[in-house]
Each structure stands twice: as structure tokens, then as C-alpha cells.
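[1] model the structure of this input:
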Amino acid sequence: MKKVILVFFTVFIAFLLMYFGLPVLNYGFFKLPFFLLLLVGVVSLFFIKLKVDPKTHKTTVLKAPHKVFYYSILVLLFYVAIVPLFTTVKMFRSEAYQQLLGKVHKGEKITQHIAPIAIDKIRVVDEELAYLLGEKILGSQPALGSQVELGHFCIQKVQNELYWVAPLLHSGFFKWINNSEGTAGYVMVSATNERDVKLVQQIDGKPLKIKYQPSAYFQSEIHRHAYLNGYSTIGLTDFTFEINDEGKPFWVITTYDKTIGFSGNNATGVLVVDAQNGAIQEYSIANTPKWVDRIQPIDFIEDQLDDWGTLIHGYFNFSNEDKLQITEGMTLVYGKDNKSYWYTGITSTGKDESAVGFVLVDTRTKKTTFYKQGGATEFAAQSSAQGKVQEKEYTASMPIPYNINSIPTYVMTLKDKGGLVKMFAMVAISDYTIVGVGNTMRETLTAYKNVYNMADNKINPNSVANKKIIQSVVTRIQNDVKNGNSFYYFTLRKSPTIYVGSSQISSELPVTVVGDSIKITYDLDLEKVVDISSFQNLTLSKK
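    Sure, this is the predicted structure:
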């Protein structure tokens, strides 16, 4: 009877461990739930009989386990200790790890992949600032702010606009008990306009309730909800909160398998879980809805890129021949095809300041493109931008690559110690000494182009912007001083465009007046105010 009670108790404990979130041992070619390991221990109770001497407290084995039990234990130990040594360790499987990323395509120019962009579409809000803005709007709702907290912000495109989106989560067990039907919505922060912050609590007039979430308990905990509904023996990771174009909230969970012995994590698809009613839809990578921005987890891609670069000549490459490594940051960017990509620089082993190329990895399909061209790493660009305003002690955000007039450019914000954006910076990827800063994005772009146009003969000619030459008569001209530099704004006959140039471009600009004939060169871009790259006053030349 005691043995039956002990077995029942052990099984009950095993069930509780599984129910409250003990992970599954997903071993690729042989998927073994943790419960089976505990079952071996339960079975052993039927074979072992012990006796304890009450005087000496010595334990005597009256009945030893059957030989089958010993063999089972040996097989289990062999499987979990010896088999991984030959099937999983990089020393023996270096080629498999190096090729796990798949075929790496060669790109010609990164500007052909990243679309030209207007300055009002440039990302100026990073995750840290999004959290501050989200906390501010949550704090404006005292009754709500005391019950919930902000979850992790994820950037995504909603109706073709960039937003940071985070769910409202339970702030504790007792708060969950009081609101077990779910928290009241989510927060949206525009990535291009820090004044566009929304607390979304209704869709089509119906109240939102985020019932399934990481901060819930029992069946409402999102991970437990997934594996108790048929997904306990597959890998689940990267629980990302996303909304579709109608604003309906979902949890997007990456499913994965282990393809190299007990390791080699590789995404296979997603589970899309309705955050309100818990309905689960499983999709392969090819069939995943278009509004889902990412399937490939960032940690999977980082590991696979590192293995691709460092294991290029096998594990035993002590001379570091041709070894490559990713730079310190990986960023989600959007290409001209409107798809999202993981972006990072690639450097030679031991090199920190300069990159030998850049990589774009499709966040859905994992298609990887390597652009072999020199440039600045993200860290070098940040240091250069901060050095431009070092007296202010501002901190640069993570650089985002953009195509500015066919110039690969890092764009970042400069923030004070409180995390608020004070200035903006642009740094040429090909040469991090080319820096423009300003109080607005418009000022920054003008300053950047001014510096770039004076230096474009000294840098990679393949990255020089497209130019257009025009000759006309000045109809209006006015100067303005920004950050210690004089800029001249002028219009030309029969043209609605406003042109702007710095006195550093030409000494003839400050003495130009209405009616003068001029010849200018400017970059073809998307802006209403056009920055000139050269200026010649033809009237002064005739005198």
C-alpha cells in the first residue's frame, strides 16, 4: 500500500512539474518529454526494497532492481551523455553548423536593397524611448496603471506604418486574480513620430482583453496554453506580441526543431495564438500570414551567422584564416520590397572599427544576402556621432541603415541622460568621419549632405549620389544660422522648389542676390527642400 501511495505521489509531482512549465527535452531525432525520464524513476520503485536498522541507521538493500532496470539506466545515460558528444559538439560537426544558415547570396550594392526614404518616414523612436512614452500614457490612467505593466515592445508594420507595440500585462498574481478575464489592451508608439502614442482598449467598439500572456497563471499562461493544446513535444520560442492590420492582438510563437543532434535550432514555422480567446493556428514558413513580420528568432540568426563566419575552415582554424564575425548589434530593418530583415555588420576576427561587409537576413524565410563592402561598424558610427556633440554628453541610439540619395547611411538619435531625444545624427556607412547632426531631421539631412558633398571625391565613388545640374535665375534668397553654420535658402525662376546650401560649399553664396544667374548641382531625392552640392554665381563670373 505504501508503495502504491509513493508511486501515486511521484506521478502527481511529475504532473505538477510539467503543468507549471518544466521544459520539454526536444532532442531532434528522438523527442523525449521530461515526464518519461521521471517515469523511469517511478518504475524503479517496484524493483528496490530497502531496510533501515533503527539502532545503527544503516541501510540494507533487501531486493535489488532487475537487470533490465540497470540496462535501461545505462542506455539512458549513454543517450544523454555519450551520443551528444559525437552528434552535437561543434568539434565533430563543424561543417553542419557552418551550413545551418543555408546558402548565403552575394549582393552588389546595399542601396539596391534598402529603399530611398523621406525624412518623415525615418525611424526616430527606439525601443527604450517607446517604453518611456508607453509608461507616460499608462501613468495618465491611474486606475489602469496600478493593475498592469508594459510588456516587451516589438517593432512591426501596421497598415504600412512602423509602430512599436507592447501588451498590457498582469503586474502580479493577485492582480491576475482580480482581472483573470485579461488585461485591457495594448500600447502603440509610432516609430517615426514620438507624439503618436496610443492606448488601444477597443476594436470595433468591443473591449479588448489580453487573457493569454506570459504574466498570466495556470491555463492562461501563453507557453503552458500552447503545450497543453497539442504542442508539448516540439520546440517553442520567441513569443512575440503582434497585431494584424485591423489591430487584433496575437502571440506569434516560433516552432523549431534541432537539426544537429541535440542542437542546431532551426525555425520550422509559427503558432499564431489569439491573445483574447486562445485559438491556435499552426503555419509553415511559406504559409504564414503576411502581417507576421518575423519568424526567425534573433538569437537563432546570431548563432547561425557566427557559425557561418567562424567555422569557414572548420573548428581547428587557429590562425583565424578568413574568419568573420558579426558586429555587436543586430537590427530589424525594412527593405524596398517592404519585407523585414535582420541587419548586422560583418568584421574580420579581432577588428572592431571597420566592417568588411553587411548582411541582411529575411526575418521570415531566412534568405541571407552578404554585401561585401567596407564601412563603419554600428559602434564606430555611434562613437562618431557622439563625438560631434561630445560637450553635451548625449548618447547615440542603435544606428539604423537607410538609403539617403543612394548613400548608405546610418541614422540615429542623440539622447540625454533621461533618455529623451535632443538631436539627430547621420553617419556615412562608407566613412564614419562624415557626420551631420541637427535639432531636427531636416537640419540633420542638410548638414549631412553638406559634409558629404565636400568629401564625396575622397570616398568610395560607387556610393556618390546621383546629381542633376540646373542653370537659372534667383528669385528669392534668405540666410539662416543653425548649429554655428550659415545656410542659404533660395528659389529659382519657374520652379516651386526651395534649394538650400551652406556657405562652406561656395563663398559666392553669401553675396548672391535676387536676379543673379546661377548654376547649381543637387542630389535627386524625395524632399521638398533640396540640398545643393555645388554652387556657381554666373553673374559674378562675368564681372
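
[2] pLDDT (mean, whole number) over stretch 241-248?
    Average pLDDT, stretch 241-248: 93.

[3] mind checking how far that stretch is from the chain centre?
    Taking C-alpha atoms, centre = their mean, to the nearest Å, one finds stretch 241-248 lying 18 Å from the centre of the chain it belongs to.

[4] and stretch 404-420, by the same measure?
    Here the centre of stretch 404-420 is set off from its chain's centre by 16 Å, with C-alpha atoms, centre = their mean.

[5] buried ones in that stretch?
    Buried residues in stretch 404-420, counting neighbours by 16 or more other C-beta atoms under 10 Å, are found at 404-415. Yep, even glycine has a C-beta here, placed from its N, CA and C like the rest.

[6] same check, this time on stretch 521-537
    Going by neighbour count (16+ other C-beta under 10 Å), the buried part of stretch 521-537 is 522-523, 525, 527, 530-533, 535, 537.

[7] could you do stretch 91-100 as well?
    Buried residues in stretch 91-100, defined by neighbour count with 16+ other C-beta under 10 Å: 93-94, 96-98, 100.

[8] from those, pick the one nearest residue 467.
    Checking the buried residues of stretch 91-100 against residue 467 by C-beta to C-beta gives residue 98 as the nearest, at 43.4 Å.

[9] go through stretch 367-381 and flag the buried ones.
    Those would be 367-371, 373, 375-381, for stretch 367-381 by 16+ other C-beta under 10 Å.

[10] what's the most distant pair in these?
    Applying C-beta to C-beta across the buried residues of stretch 367-381, the maximum distance is between 367 and 380, 27.6 Å.

[11] which other helices and strands does whatever helix or strand residue 450 lives in contact?
    Take DSSP states H and E as the rule and residue 450 turns out to sit in helix 441-455. For helix 441-455, the elements it packs on are strand 400-404, strand 421-428, strand 435-438, strand 467-482, strand 485-492, strand 498-502, strand 529-537, judged by 3 or more C-beta pairs under 8 Å, 6 or more residues apart in numbering; DSSP states H and E.

[12] closest one to residue 257 among those strands?
    Among these, strand 400-404 comes nearest to residue 257, with 31.8 Å by C-beta to C-beta.

[13] burial measure for the closest residue to residue 152 other than its chain neighbours, as a count.
    Spatial nearest neighbour of residue 152, excluding adjacent residues (C-beta to C-beta, 6 or more residues apart in numbering): residue 166 at 6.3 Å. Residues near residue 166, counting by other C-beta atoms under 10 Å, number 21.

[14] now do the one 10 residues further on
    Residue neighbour count, defined by other C-beta under 10 Å, stands at 21 for residue 176.

[15] so it, which state does it fall into?
    Assigned with DSSP: H, G, I helix; E, B strand; the rest coil, residue 176 falls in the helix class.

[16] which residues does the residue nearest to it when sequence neighbours are not counted bridge with?
    Leaving out its chain neighbours, the residue that sits closest to residue 176 by C-beta to C-beta, 6+ apart is residue 170, at 4.2 Å. With beta bridges defined as DSSP bridges, residue 170 has these partners: residue 148.

[17] give me the number of residues near the residue lying closest to residue 480 once chain neighbours are set aside?
    Spatially, and ignoring its direct neighbours in sequence, residue 480 is nearest to residue 487 (5.1 Å; C-beta to C-beta, 6+ apart). The number of residues packed near residue 487 is 22, by other C-beta under 10 Å.

[18] run through the helices of the chain in chain order.
    2-19, 34-44, 67-77, 83-87, 90-98, 127-139, 142-145, 173-178, 222-227, 298-310, 378-388, 441-455, 538-542 (DSSP state H).

[19] lowest confidence element among the helices and strands of the chain?
    strand 25-27 (a mean of 44; mean pLDDT, DSSP states H and E).

[20] tell me how far residue 129 lies from residue 164.
    Applying C-beta to C-beta, to the nearest Å, one obtains 9 Å for the distance of residue 129 from residue 164.

[21] again, but for residue 127
    7 Å.

[22] okay, these two: which has more neighbours?
    Taking other C-beta under 10 Å, residue 127 and residue 164 do not tie; residue 164 has more neighbours (23 against 17).

[23] shaky segments in the stretch 351-500 of the chain?
    In the predicted model of the stretch 351-500 of the chain, residues 351-353, 456-466, 483-484 satisfy pLDDT under 70.

[24] same thing but 50
    457-464 (pLDDT under 50).

[25] pretty sure residue 297 contacts residue 235?
    No: here residue 297 does not reach residue 235: they are 10.5 Å apart, not a contact under C-beta atoms under 8 Å.

[26] overlap of the contact sets of the two?
    residue 256 (C-beta atoms under 8 Å, 6 or more residues apart in numbering).

[27] I'd say residue 532 and residue 504 touch.
    No: checked against C-beta under 8 Å, the pair residue 532 and residue 504 is beyond contact range at 11.7 Å.
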